[in-house]
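Engineer: need a structure here:
(one chain, ligands or ions: 1)
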Amino acid sequence: MTRTVRSLEKTQQALEEALRQARHALIQTIHTISAIASRSDRYTALHQEQVAALATGIGRRLGLEAHHLEGLYLGALVHDIGKIAVPAELISKPGKLTPEEYSLVKTHVRAGVDMLENVSLPWPVQLIIGQHHERLDGSGYPLGLSGAAIGIEARISAVADVFEAICQPRPYREARGCAEALAELERGAGIAYDREAVDALGSLVREAGSQDFWTYIDSADFSSTVILA
Ligand SMILES: [Fe+2]
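Structural biologist: Got it, this is the predicted structure:
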């Protein structure tokens, strides 16, 4: 082996190591952003973690590649980051929101996108934040996008987001349960929600069987294997 080839190999190894470290630092930064935001709002903190784990499980079922799974996990982990710009009393309001209050809560999408506007990431994190309330039939917000205009990562995050929101308790109501959450998504599959993502969710629910669904998702550990890949 010539000295030039050895030197090229060393340079390549050094570049690969630098890239690995940069990627690791970005992942850690997104985790830190999520953790900081979690301090003021426990509901959103747990919600984002569970949506991220579930979305990654759905993404795996749909055969997404490692890089897409990674982006899906990280985007879902901060999808509601904009809620820190919404008055805390609205996020944790025990009663029904007035139309004006609901309009204010909806601004969390735009606020989240704005927060990360100048951050260049190798994953579609901002897209997931910006599109997780869009619906296939155009009934979502903030832009009323429809069909393929909504990225696959956002469509998967939407399914995981709605499922978690119905399944788990909220400040304004008791938990409605995972069976009801799945039924609601199945009614909207192919209309508001991505049918394949809903089917994949259904297979996870069946696989969990009688055990607590979130304990099952936790033990399946879909996300850590993505991040460590
Ligand atoms: Fe949201």
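Engineer: Centroid-nearest residue for the protein?
Structural biologist: The C-alpha lying nearest the average C-alpha coordinate of the chain belongs to Ala76 (C-alpha atoms, centre = their mean; 1.6 Å).
Engineer: which residues does that residue contact?
Structural biologist: Gln48, Val51, Ala52, Ala55, Thr56, Ile128, His132, Ser157, Ala160, Asp161 (C-beta atoms under 8 Å, 6 or more residues apart in numbering). Bear in mind the C-beta positions are built from the backbone N, C-alpha and C, glycine included.
Engineer: Tell me, how many residues neighbour the fifth one?
Structural biologist: Thr56 has 29 neighbouring residues, counting by other C-beta atoms under 10 Å.
Engineer: Quick check: mean pLDDT of the helix or strand hosting it?
Structural biologist: Per DSSP states H and E: Thr56 is located in helix 42-61. Helix 42-61 carries an average pLDDT of 92.
Engineer: what do you get for stretch 76-95?
Structural biologist: Stretch 76-95 comes out at a mean pLDDT of 90.
Engineer: C-alpha coordinates for that stretch, CSV please?
Structural biologist: Taking C-alpha atoms only, stretch 76-95 is exported to CSV below (Å, rounded to 0.1, in the frame of the first residue of the first chain):
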residue,chain,number,x,y,z
ALA,A,76,-41.7,14.0,16.9
LEU,A,77,-39.6,14.6,20.0
VAL,A,78,-40.0,18.4,19.5
HIS,A,79,-43.2,18.6,17.5
ASP,A,80,-45.0,20.6,20.1
ILE,A,81,-42.0,22.8,21.1
GLY,A,82,-44.0,25.9,20.1
LYS,A,83,-46.3,25.4,23.0
ILE,A,84,-43.7,27.2,25.2
ALA,A,85,-44.8,30.3,23.4
VAL,A,86,-48.5,29.7,24.4
PRO,A,87,-49.7,30.9,27.8
ALA,A,88,-49.2,28.0,30.2
GLU,A,89,-52.7,28.4,31.7
LEU,A,90,-54.2,27.6,28.3
ILE,A,91,-52.1,24.4,27.8
SER,A,92,-53.1,23.1,31.2
LYS,A,93,-56.7,24.6,31.3
PRO,A,94,-58.9,22.0,32.9
GLY,A,95,-62.1,23.1,31.0
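Engineer: chain center to it: distance?
Structural biologist: For stretch 76-95, the distance from its own C-alpha centre to the chain's C-alpha centre is 15 Å (C-alpha atoms, centre = their mean, to the nearest Å).
Engineer: The nearest residue to Ala179 once chain neighbours are set aside: neighbouring residues, count only.
Structural biologist: Leaving aside its sequence neighbours, Ala179 sits nearest to Val205 (C-beta to C-beta, 6 or more residues apart in numbering; 7.9 Å). The tally of other residues near Val205 (other C-beta under 10 Å) stands at 18.
Engineer: With Ala85 instead?
Structural biologist: 14.
Engineer: mind listing what the closest residue in space to Gly151 that isn't next to it in sequence touches?
Structural biologist: The shortest distance from Gly151 to any non-neighbouring residue, by C-beta to C-beta, 6+ apart, is to Leu127 (5.1 Å). Leu127 sits next to Gly75, Gly151, Glu153, Ala154 when contact means C-beta under 8 Å, 6+ apart.
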